[in-house]
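[1] Please work out how this folds:
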Amino acid sequence: MKTRFALTLLALLPILAACKADDGTANVAAPTEATPAAETAPAADAAAPATSEQAAGTEQAAGSEAAPAAANDAPMRLTGPEPVAGTDYVVIENGQPFQPVAGKVEVVEIFGYVCPACAAFQPLVGPWKAGLPGDVNFIYVPAMFGGTWDDYARAFYAAQTLGVQEKTHEAVYAAIHAEQTLKGERGRDSVDDIAAFYAKHGVDAKQFSAAMSSFAVNAKTNAAKQFAQRSKISGTPSLIINGKYLVKGNSFPDYLRIADHLIARERAAKAGN
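    Residues are numbered from 1 along each chain as shown. So this is what the prediction gives:
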């Protein structure tokens with residue numbers, strides 16, 4: 001089923017144009033070969049409150065999804081030209097990592113389960129993430145664009161709290177976009193609907209429902225929203241390198257190519273310190 005789902009989403013890649021948040025606060029642009037790079041430029045969002053760093057810091061251990069162990073000096077496999085500021089990436093003013101870890105370069109994907117573009121990106125970003133060097137820390141951060149986006153952001157962190165996020169990540173995409181057993185943006189799944197889905201993956205439905213409204217999950221979703229605002233994203237999926245660079249690009253492979261160069265730059269800077 002996973003292979004069929006991946007092939008289905010990759011077939012959609014050239015025609016995906018945009019997702020839109022329920023509350024209309026953001027247009028969610030999917031980079032494709034036909035999409036101008038300017039469409040992935042960040043919008044000017046309001047500055048995040050100063051407390052975002054405190055909230056994010058408390059979740060460092062639980063929120064990190066480090067790539068499999070590898071030698072810290074493993075070379076990056078770089079292709080194509082060196083990325084150009086303003087064309088291939090944007091320097092984030094006063095940017096900072098979401099959950100800094102000493103000696104590691106952070107890579108964040110801001111995503112939304114209900115976004116078709118993010119679903120199409122996952123079959124590419126999943127294997128890419130798995131191949132990152134050991135001194136690169138990859139973190140999924142759910143977008144908080146209102147409505148059903150927020151419901152699934154809470155579900156992501158509830159799943160993380162209960163230890164099933166990794167094994168359910170692609171299954172949620174499949175349930176929304178391929179199997180359509182969850183509504184996504186075709187309607188609005190209730191908390192009970194979402195909890196029933198996760199119950200099929202080994203958690204208690206009532207416990208999951210409670211986790212979605214817990215203080216810990218509220219803190220995580222607040223930190224996620226503040227990070228997205230601070231990073232001035234304009235849509236999903238968005239890749240942010242070490243809190244400094246917001247990746248642009250004309251296609252999903254281009255996203256990853258540019259990210260590789262920026263990761264290598266940050267690794268070299270750390271090695272020089």
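[2] who's in contact with residue 244?
    91, 92, 95, 266 (CB atoms under 8 Å, 6 or more residues apart in numbering). No exception for glycine: its C-beta is placed from N, CA and C like everyone else's.
[3] quick one: which of those is most hemmed in?
    Using other CB atoms under 10 Å as the neighbour test, these are led by residue 266, with 21 neighbours.
[4] List the buried residues in whichever strand or helix holds that residue.
    For residue 266, the host element (DSSP states H and E) is helix 252-272. Within helix 252-272, the residues scored as buried using 16 or more other CB atoms under 10 Å are 252-267.
[5] Now that helix: average pLDDT?
    In this model, helix 252-272 has an average pLDDT of 94.
[6] And for stretch 182-202?
    pLDDT averaged over stretch 182-202 gives 95.
[7] Tell me the gap between it and the middle of its chain.
    20 Å (CA atoms, centre = their mean, to the nearest Å).
[8] hang on, the earlier thing: so which elements touch the helix holding residue 266?
    strand 105-111, helix 116-130, strand 238-241, strand 245-247 (3 or more CB pairs under 8 Å, 6 or more residues apart in numbering; DSSP states H and E).
[9] any idea how far it is from the chain center?
    On CA atoms, centre = their mean, the centre of helix 252-272 falls 17 Å from the chain's centre.
[10] angle of it against strand 105-111?
    150 degrees (axes from the mean of the first three to the mean of the last three CA atoms, to 10 degrees).
[11] Run through who's touching helix 252-272.
    Against helix 252-272 from outside (CB under 8 Å, 6+ apart): 13, 31-32, 73, 76-80, 82-83, 88-89, 103, 105, 107, 120-121, 124-125, 128, 132-133, 135-136, 237, 239, 241-242, 244-245, 247-249.
[12] Then stretch 193-209?
    151-152, 155, 158-159, 162, 164, 167-168, 171-172, 175, 181-183, 191-192, 212.
[13] How about stretch 162-171?
    With contacts defined as CB under 8 Å, 6+ apart, stretch 162-171 is touched by 2, 5, 65, 122, 126, 140, 156, 159, 198, 201-203, 207-208, 211.
[14] Distance of residue 167 relative to residue 244?
    Residue 167 sits 31 Å away from residue 244, going by CB to CB, to the nearest Å.
[15] what sits against residue 182?
    Residue 182 neighbours (CB under 8 Å, 6+ apart): 172, 175, 176, 189, 193, 194, 197.
[16] give me the low-pLDDT residue ranges for this structure?
    Scanning the chain for pLDDT under 70 picks out 1-75, 273.
[17] Go again with 50.
    By pLDDT under 50, the low-scoring segments of the chain are 1-18, 20-71.
[18] ok, which stretches of it are helices?
    Taking DSSP state H as the criterion, the chain carries its helices at 2-12, 52-57, 60-63, 116-130, 148-161, 165-177, 191-199, 205-212, 215-231, 252-272.
[19] List just the one of those that sits closest to residue 99.
    Comparison of the helices of the chain against residue 99 by CB to CB identifies helix 60-63 as nearest, at 4.5 Å.
[20] Touching, residue 177 and residue 119? I think so.
    Yes - in this structure residue 177 lies within contact range of residue 119 using CB atoms under 8 Å: 4.5 Å.
[21] Tell me which of those two has more neighbours.
    A count of neighbours by other CB under 10 Å puts residue 119 above the other of residue 177 and residue 119, at 29 against 22.
[22] which ones are touching that one?
    By CB under 8 Å, 6+ apart, the neighbours of residue 119 are 9, 113, 173, 176, 177.
[23] Nearest to residue 230 among these?
    Comparing the contacts of residue 119 against residue 230 with CB to CB picks out residue 113 as the nearest, at 22.1 Å.
[24] picking that back up, check the helices of the chain for me and report the most buried one.
    Greatest average neighbour count among the helices of the chain goes to helix 148-161 (a mean of 24), per mean count of other CB atoms under 10 Å.
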